[in-house]
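Visitor: Everything below, folded, please.
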Amino acid sequence: MSYLSCNCCNDLIDLNDFNDFYKSISNEQSEILNQFCEKCYYDNQIKFFIKNNYPLPTNIVKKFDTYYILYHNGDIKYECKYNGLKKDGVQILYYPNLNKKEECFYIQDQIEGYHEKWYLSGSLKYKCYYENNIKCGVCIYFSEDGEVLENLPK
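Guide: Predicted coordinates:
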């Protein structure tokens, strides 16, 4: 597997996932994307609208303190609860088939607990534990059939 590192959260990104996401966005946004993983890209989009008090575009919906970014058909692509400009609760990304793509929990913008990623099929792809936004222990990558591919130290 080949990886690159997000300039925002330093998370390792599977190059295949990055290329799929990169192809899915418009050309004017692609330069920005070169710096961020998908979850940081969406987070920065939402924080931009909150910080500048701009009206939300039609693909971003707010219900109470939770923001949703939607696919063109209205299905949820991304959801996260915010307290002001800080992520504060579960953050979930979904595939177009509505299977979870990625999930982690935040307390005041700091990852706390497990950060997990899944394949399109729904099998676990990656699992890593965080305390106060710091990786603790080993991060495990799995093949689509559940075989451990790599154990990467924190």
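Visitor: Could you list the buried residues of stretch 133-141?
Guide: Buried positions in stretch 133-141, judged by neighbour count with 16 or more other C-beta atoms under 10 Å: 135, 139, 140, 141. Placement of C-beta: from N, CA and C, glycine included.
Visitor: same check, this time on stretch 49-56
Guide: Of the residues in stretch 49-56, none is buried (16+ other C-beta under 10 Å).
Visitor: mind checking the end-to-end distance for that stretch?
Guide: Terminal residues of stretch 49-56 lie 7 Å apart, using C-alpha to C-alpha, to the nearest Å.
Visitor: Contacts for it next, please.
Guide: 48, 57, 60, 62, 82, 84, 85 (C-beta atoms under 8 Å, 6 or more residues apart in numbering).
Visitor: Now do the fifth one: how many residues are near it, please.
Guide: Pointing back at residue 82 there. Residues near residue 82, counting by other C-beta atoms under 10 Å, number 20.
Visitor: hang on, it packs against residue 68?
Guide: No: between residue 82 and residue 68 there is no contact under C-beta atoms under 8 Å: 11.4 Å.
Visitor: Mark which of the buried residues of stretch 133-141 are part of strands, please.
Guide: 135, 139, 140, 141 (DSSP state E).
Visitor: Point to the residue nearest the middle of the chain.
Guide: Compute the mean C-alpha point of the chain, and by C-alpha atoms, centre = their mean the closest residue is residue 39, 2.6 Å away.
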